[in-house]
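**Student:** mind looking at a prediction? Sequence and model below.
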There are 2 protein chains.
Amino acid sequence: MAFQVNSDLALADLRELATFGACGQGVERRMWTPADVQSRRWLQRKMAEAGLEAHIDAVGNVVGRTNHKRRVVIGSHTDTVPKGGWLDGALGVITGLAIARALQTQKPDLPIGVEVVSFADEEGYFAPFLGSKVAAGFITVKAALTTKNSLGETLAACIQGSELATQNAWRIDPSHHVAFLELHIEQGPVLDAHQIALGVVTHIVGIRQDRVTFVGSANHAGTTPMNMRADAAAALFDFATEWRRQCAAMGSPTAVWNVGHAILEPNAHNVVASRALGTCQYRDIEEETLQRCGLLLRESAEAAARRNQCSWSIERQLEIQPTPMSPGLVDICERACRTLGHSFRRMPSGAGHDAMIIGRVIPAGMLFVPSKGGISHSTDEDTPAESLARGMQALASAFEQVSRLQ
Amino acid sequence: MAFQVNSDLALADLRELATFGACGQGVERRMWTPADVQSRRWLQRKMAEAGLEAHIDAVGNVVGRTNHKRRVVIGSHTDTVPKGGWLDGALGVITGLAIARALQTQKPDLPIGVEVVSFADEEGYFAPFLGSKVAAGFITVKAALTTKNSLGETLAACIQGSELATQNAWRIDPSHHVAFLELHIEQGPVLDAHQIALGVVTHIVGIRQDRVTFVGSANHAGTTPMNMRADAAAALFDFATEWRRQCAAMGSPTAVWNVGHAILEPNAHNVVASRALGTCQYRDIEEETLQRCGLLLRESAEAAARRNQCSWSIERQLEIQPTPMSPGLVDICERACRTLGHSFRRMPSGAGHDAMIIGRVIPAGMLFVPSKGGISHSTDEDTPAESLARGMQALASAFEQVSRLQ
């Protein structure tokens, strides 16, 4: 290949970025906290040093571009969850920087440039995907600035005193932005367990979150005969078991479901529970499957409530549609893996990414590198350097193909 | 009947007793808190006024006796749970006082007297059934005095500064104490729902409490394929549903079971639970049934753990054997109901009582009056005055029969 990224330099960048908010082996950089602000200022300087025209926009997106008229947007996010990993998001941003740097230094004869971005607040300290949603035009700058973090501070109050950010928000413009590419760690165990070098993302799953609440009567667990009980805990256990069984019986190879959160009241050994709630999250690449899971959920809840003399209610807490990646970019990413001789698997992303938002306004493509042990959102998150370098080079190859197609 | 209690006076006593630690319609008198100490001093005075020789023993039991050589012990407890009811325990003590008073005033030609007792700490602010266990000889005074309340204070530190209590503990002596009788509210819904005047207690149920813990792996609920999960919450739901189903399939008319307490970790919507525990309490009048429930519990836990790739463990937290009431006293209590023309039902007690402890050293018998709506351990606890009077008179009749038998 004529076009190669300097992955050693990019790895050094990644390690330097990880010093901002360092926390054991990981980092903690919640959106616009001091460590996050420092890392954004650092990133803007790195972009400028690479010859990019760089700024931080009104909501905190850090953007740096080559001077080509049309560009591929490459990036991800540098904010993290509390006690997060050093690669989640950062890898995609630094890869964008590495590709832009290669473009500036090698000056290949390509009609298309690069626009590197670190989206603000992907992890949702104020609101999830805040930066990409503003860039895609799904929320206004004004609305974004009124969101509050868990301390009750608005983004406006945090960001506007800093004199770092510009007045205007950066927007995706399909007449100038031809595609979006994102490299990310898998955040799951599949590639690592099967020793596959790269994942070619075909879809980002849709997500539903429904909270089911059963209401019965608190009663003495010794003196109340079984047939006089309205046991909300029994209804919840009964529901969760049956719903999970029915989801499994669908036989979908891609759907996943979880009841990872449950609360009983009064939650006492010797009292029949008066109230029990379970939070059900389910994901798939097909909207039909999600609707089917939702229907099974309602049927199972209704039946479990009836069997246990309880009433029940449901609250939809989250609803995100599945986002297919651009089929053309899926093929291009696959070709990049083949050309470089790396093993790969086409796979859905079970986690949400900025590509899910940006992919609704311009074609988007994603590559995954393995996550050691499938661990992410943890300071234990890691991926070997050679895996990271493979991912960077493959994304560069995908960029080059997109560029030559135009 | 020649022998009658003055139930109006007894009801007035009950209402006066309810002024100590009054809390809405209920009372709060945890063992040896100021309200409890005041109520014990008041009770000792009431006993003395009724002509009884009364004292407060080394662990707080309040005891008052007639001067007969052989006596029927009649009583219960006057301590309460936080925000408890005005009748739970208090009814049985005041009924003992009413019967002793009737004996002193009517002086019937009976060879047997009465020893009225309010047992210390039935509700277990220091240790459950503390007073009756000392009286029955199951724990030493020394051990009782070293128990601590939830503030970390020993019973010794609380009680010994008061100069109210004697040096010695009162002990049940089968050569002088011929039987124990206790009147109590049902604390369940059966009598009230079926409009039955009195319950003749045949057994006090045995109780087992087992905590089952499942351990799996915390994983991202979106990116971890279903077949790579070790879901501790799923194991718990699965176990609880199956164990409850198998308990029901036993077909016991008396056994009850409850999983009223459960904790998931990390208890997050988007994380597969790494740990889940459920506390299982089950009760019956037959030891065999309890052992069968325990076996089913282990089998269900083992199978659920296996199906969900988790490990599991069990901790026995409580083990109380079933206590049958004296068959002779059950017949006598039943005859008292018939003689007075009251409807009654023979029934087990699903809750523990002092009679469960004292019944292991001398013959014990119990009568229940209805609990309005089955409610107890609540300030809403109540029973109509005429029901209370029926119960008092029936217990007096039972006492008279015991006395005439000797």
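**Tutor:** Ah, there it is. Numbering: from 1, shown residues only, chains lettered A, B, ... in the order given.

**Student:** only C-alpha atoms from now on, for both contacts and neighbour counts.
**Tutor:** Noted.

**Student:** is chain B contacted by stretch A:122-140?
**Tutor:** No: shown here: stretch A:122-140 not in contact with chain B (C-alpha under 8 Å from any C-alpha of the partner chain), separated by at least 13.3 Å.

**Student:** outside of that stretch, which residues touch it?
**Tutor:** Contact with stretch A:122-140 is made by A:30-31, A:59-61, A:77, A:79-81, A:119-121, A:141, A:144, A:147-150, A:154-155, A:169-172, A:353-354, A:357-358, A:360-361, as judged by C-alpha atoms under 8 Å, 6 or more residues apart in numbering or on different chains.

**Student:** any idea how far residue A:239 is from residue A:246?
**Tutor:** 10 Å (C-alpha to C-alpha, to the nearest Å).

**Student:** and for those two, which residues touch both?
**Tutor:** Common contacts of residue A:239 and residue A:246, defined by C-alpha under 8 Å, 6+ apart, are absent altogether.

**Student:** so residue A:86: helix, strand or coil?
**Tutor:** coil (DSSP: H, G, I helix; E, B strand; the rest coil).

**Student:** what is the burial count for the residue lying closest to it once chain neighbours are set aside?
**Tutor:** In space, and not counting its chain neighbours, residue A:86 is closest to residue A:26: 5.0 Å by C-alpha to C-alpha, 6 or more residues apart in numbering or on different chains. By the measure other C-alpha atoms under 10 Å in any protein chain shown, the count of residues near residue A:26 is 23.

**Student:** who is residue A:26 paired with across the strands?
**Tutor:** residue A:23 (DSSP bridges).

**Student:** ok, now residue A:206?
**Tutor:** residue A:284.

**Student:** burial of it, as a residue count?
**Tutor:** 27.

**Student:** my guess is it meets residue A:285, correct?
**Tutor:** Yes: the criterion here is C-alpha atoms under 8 Å, and residue A:206 meets it with residue A:285 at 5.9 Å.

**Student:** hmm, back to that, name the residue in residue A:239 and residue A:246 with the higher neighbour count.
**Tutor:** Set residue A:239 next to residue A:246 and count neighbours by other C-alpha under 10 Å: residue A:239 wins out with 27 against 15.

**Student:** now the helices: where do they sit in chain A?
**Tutor:** A:7-17, A:34-49, A:90-106, A:130-136, A:141-146, A:155-160, A:190-194, A:232-249, A:287-307, A:327-340, A:354-358, A:385-405 (DSSP state H).

**Student:** least reliable of the ones you listed by average pLDDT, please.
**Tutor:** Lowest mean pLDDT within the helices of chain A: helix A:155-160, a mean of 93.

**Student:** still on that earlier bit, quickly note the distance from the residue nearest to residue A:86 to residue A:359.
**Tutor:** Taking C-alpha to C-alpha, one finds residue A:26 at 29 Å from residue A:359.

**Student:** list the beta-bridge partners for the closest residue to residue A:334 other than its chain neighbours.
**Tutor:** Nearest residue to residue A:334, sequence neighbours excluded (C-alpha to C-alpha, 6+ apart): residue A:200, at 6.3 Å. Beta-bridge partners recorded for residue A:200 (DSSP bridges): residue A:346, residue A:367.

**Student:** picking up where we left off before, right, and the residue nearest to residue A:86 touches residue A:83 too?
**Tutor:** Yes: the criterion here is C-alpha under 8 Å, and residue A:26 meets it with residue A:83 at 6.5 Å.

**Student:** which neighbours do the two share?
**Tutor:** What both residue A:26 and residue A:83 touch, as defined by C-alpha under 8 Å, 6+ apart, is the set A:378, A:379.

**Student:** on that earlier part again, count of neighbours near the residue nearest to residue A:334?
**Tutor:** Residue A:200 has 27 nearby residues by other C-alpha under 10 Å.

**Student:** residues touching the residue nearest to residue A:86, list them.
**Tutor:** Taking C-alpha under 8 Å, 6+ apart, one finds A:18, A:83, A:84, A:85, A:86, A:378, A:379, A:380, A:381 in contact with residue A:26.

**Student:** I'd like the distance between it and chain B.
**Tutor:** 17 Å (C-alpha to the nearest C-alpha, to the nearest Å).

**Student:** cool, and residue A:381?
**Tutor:** Residue A:381 is 12 Å from chain B, by C-alpha to the nearest C-alpha.

**Student:** how about residue A:97?
**Tutor:** For residue A:97, the distance to chain B - C-alpha to the nearest C-alpha - is 27 Å.

**Student:** ok, residue A:125 next?
**Tutor:** 16 Å.

**Student:** my guess is residue A:313 contacts residue A:236. True?
**Tutor:** No: assessed by C-alpha under 8 Å, residue A:313 is found out of contact with residue A:236, at 11.8 Å.

**Student:** who's more crowded, these two?
**Tutor:** Shown here are residue A:313 and residue A:236; by other C-alpha under 10 Å, residue A:236 has more neighbours (31 against 14).
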